[in-house]
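Engineer: for reference, the sequence and a predicted model appear below.
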Amino acid sequence: SRSPRHRVTSRMSKSIFRAGTLTLSQLEGLILGSTTDQAVQLEHEKNVLASQQVITDAMAQGRKMYGITAGVGAFANNLISAEQSAELSKRMILSCSSGVGEPMPREVARMIVLLKANCFAQGASGVRPELIDFLVDLFNSGAAPFIPELGSVGASGDIAPLAHLGSCLIGHGKMFPKDSTVAVPSAEALPPNMQPITFAPKEGLAVINGTQATLSYAILALWRFRSVFRSSLLAGALSLDACSGNVMALDERIHQLRRQKGQIDIAAALRKLLQGSAVAASPDLPRKLQDPYCIRSMPQVLGACLQAYRDASDILATEINAVTDNPLVIGDGAEVLNGANFHAEPVGFAADHLALSISEVGSFSERRTAFLTDTNMSGLPSFMAEEAGLDIGWMGAEITAAALVAETKALTNPRTADSIPTAANTEDFVSMAFNAARRLLPMVDMTAGVIAVELLVATSALEYLENKQGLKTSPVLQEVVSLVQSALPGGKVLGPDRYRSDELEAVKAMVLQGKFDRFAQCPDSEE
């Protein structure tokens, strides 16, 4: 019932999946992880040929079909002869290749290629198996299309970005060859066994309609934010212990009464992280009856952020298997259905919700850093300065954290709240989901910097407690402290003032690379 149609070179192992069954973890392995050196083999649905035949038969019957025997957008009522339909595909691809700006990240561009193939292979797009095979071969070649990062409003589909992909398929535009950062004419980037294709009727329209560019940006941000979120949980646990926080606020009974799963899970994770801490168990350290919110309400705030992450994950996990072009072609019933699955509102909402989570994680972390460095609030040395007055300790880094948080807050404004009509008002309400997704990556990057500041400050505070009181944090948090310390030339955070930027960048890189992930004990899987 299904036909695997893909040429796999004998030197590569296979990663086989059926159209419409891809998972986020499989996709991550193919784009970032352990299976990047495997050749994808995509099993087509049996409807691919039937769907394509519907287009052929309908053209022979002289039926009017959007983007096939009629124009697109404001020209939808202009009839096109059957003989001109393939030329229409080519021209709309070239004309819509109107993006501007820097190229998309390589991971995003390659993800677009694979997700577009997964969409087509489900047999509702009216395209030939040869187009699907070409997309899979392009992905397996390791080349990446040069796709400018600006130009989509998220309806009808990511037209400009996907048109740039389409231009590469037919020998126009530019691509990055495998392992190269220099773009060359697309035909030169293809391996010798691949030649540019010629679009059949409907295929140009099928390529430019869809949410794959928005989706790929959102997914890459989701993956990167996962490590930032886990690191923020660890940083929060370090800060709670460093300020001799009252662990009563983590009591399971409090959170069970609230019934919010994210909150319950964060409280449980924090309890595990603090288990065995001599600091938390010491009766000699002064403790507040109620700590400030940045310490006391970590389960509530980070729990809400975790739930937003999970909700976004669910939507994106569904969308990677969605058929989002238009019109859709139903082979069994020989029908061509005009709709709007290309409208990226669901992905835009997920991206906007994720942006709020990213911003809150950073803002919350900055408040903990401010609390630790304020001696009147935390009881710790002011800014953890070695020699107050001569040294200013982490004052400059705390200001940096505030600056980064201000920037992420400005980027949090929901993009899907905006709409500018396009195409002579035929596309009168657009999602702006692409902008919602694209802005996530810089937000994640800046938030990683905020978390790095807190990790360093909290580590210095725990070093101080060990030096002065002989008290150590929990075994797992000691490992976190050791990892932070390993980024510093002297292996310790406390000490006289020194050049800070390299230390911050080193710890930030650890956050983004997932070096702290194994310690987090946080159930945040997307699957």
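Structural biologist: Great, that's in hand. Nothing here was measured: the structure is a model prediction, and the numbers come from that model.
Engineer: which residues sit in contact with residue 145?
Structural biologist: If you count contacts by Cβ atoms under 8 Å, 6 or more residues apart in numbering, residue 145 has them with 109, 112-113, 138, 164-165, 168, 173-176, 186. To be clear about C-beta, it is placed using only N, CA and C from the backbone, and glycine gets the same treatment.
Engineer: can you check residue 64 too?
Structural biologist: 70, 79.
Engineer: state the distance from it to residue 85.
Structural biologist: Distance of residue 64 to residue 85, computed by Cβ to Cβ, to the nearest Å: 12 Å.
Engineer: and for residue 521?
Structural biologist: Distance of residue 521 to residue 85, given as Cβ to Cβ: 57 Å.
Engineer: who has more neighbours, those two?
Structural biologist: residue 85 (23 against 17; other Cβ atoms under 10 Å).
Engineer: just checking, that one touches residue 68?
Structural biologist: Yes - look at residue 85 against residue 68 with Cβ atoms under 8 Å: they come within range, at 5.5 Å.
Engineer: where do the contact lists of those two overlap?
Structural biologist: What both residue 85 and residue 68 touch, as defined by Cβ under 8 Å, 6+ apart, is the set 59, 201-202.
Engineer: can you tell me the helix or strand for residue 119?
Structural biologist: Element membership for residue 119 (DSSP states H and E) is helix 106-120.
Engineer: tell me where this structure has strands.
Structural biologist: If DSSP state E is used as the criterion, the strands of the chain fall at 3-4, 14-18, 39-44, 100-103, 144-145, 148-150, 174-176, 184-185, 328-330, 335-337.
Engineer: dump the residue contacts of the spatially most central residue of the chain.
Structural biologist: Geometric centre of the chain, nearest residue: residue 221, 2.1 Å, by Cα atoms, centre = their mean. Residue 221 is in contact with 351, 354, 358, 437, 440-441, 443-444, counting by Cβ under 8 Å, 6+ apart.
Engineer: how about these in TSV, adding distance to residue 283 and neighbour count?
Structural biologist: Output for the contacts of residue 221, formatted as TSV (distance: Cβ to Cβ, whole Å; neighbours: other Cβ atoms under 10 Å):
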residue	distance to residue 283	neighbour count
351	48	33
354	42	27
358	39	29
437	50	34
440	45	24
441	47	17
443	42	27
444	41	27
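Engineer: now tabulate those in a markdown table and tack on distance to residue 509.
Structural biologist: Supplementary listing: these in a markdown table, determined by distance: Cβ to Cβ, whole Å:
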| residue | distance to residue 509 |
| --- | --- |
| 351 | 25 |
| 354 | 22 |
| 358 | 18 |
| 437 | 24 |
| 440 | 19 |
| 441 | 15 |
| 443 | 17 |
| 444 | 13 |
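Engineer: so which of those comes closest to residue 44?
Structural biologist: Nearest to residue 44 among the contacts of residue 221: residue 437, at 28.1 Å, using Cβ to Cβ.
Engineer: mind listing what the closest one touches?
Structural biologist: 214-215, 217-218, 221, 347-348, 351.
Engineer: do the same with residue 270
Structural biologist: Residue 270 sits next to 233, 236-237, 240, 250, 298-299 when contact means Cβ under 8 Å, 6+ apart.
Engineer: confidence score at the residue nearest to the centre of the chain?
Structural biologist: Looking at residue 221, its pLDDT reads 98.
Engineer: and residue 160, how far from residue 52?
Structural biologist: 26 Å.
Engineer: ok, now residue 440?
Structural biologist: Distance from residue 440 to residue 52, by Cβ to Cβ: 36 Å.
Engineer: hmm, back to that, give me the nearest residue to the residue nearest to the centre of the chain, chain neighbours excluded.
Structural biologist: Distance criterion Cβ to Cβ, 6 or more residues apart in numbering; nearest residue to residue 221, sequence neighbours excluded, is residue 440 at 3.4 Å.
Engineer: that older thread, which of the contacts of residue 145 has the most neighbours?
Structural biologist: Of all the contacts of residue 145, the highest neighbour tally under other Cβ under 10 Å goes to residue 164, namely 31 neighbours.
Engineer: run a quick neighbour tally on the residue nearest to that one when sequence neighbours are not counted.
Structural biologist: Excluding the flanking residues, the one nearest residue 164 by Cβ to Cβ, 6+ apart is residue 147, at 4.5 Å. Neighbourhood size, residue 147 [other Cβ under 10 Å]: 30.
Engineer: what's the spacing between residue 147 and residue 203?
Structural biologist: Counting by Cβ to Cβ, the separation of residue 147 from residue 203 is 18 Å.
Engineer: now do the contacts for residue 382.
Structural biologist: Per Cβ under 8 Å, 6+ apart, neighbours of residue 382: 373-375, 388, 393.
Engineer: no no, residue 415
Structural biologist: Contacts of residue 415 were listed using Cβ under 8 Å, 6+ apart, and they are 348, 351-352, 432-433, 435-436, 439.
Engineer: in helices only, show me those residues.
Structural biologist: With helices taken from DSSP state H, the overlap with these comprises 348, 351-352, 433, 435-436.
Engineer: so can I have CSV of the residues you listed showing distance to residue 44 and pLDDT?
Structural biologist: Shown next, in CSV, are those (distance: Cβ to Cβ, whole Å; pLDDT from 0 to 100):
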residue, distance to residue 44, pLDDT
348, 30, 97
351, 30, 98
352, 34, 98
433, 28, 95
435, 33, 97
436, 32, 97
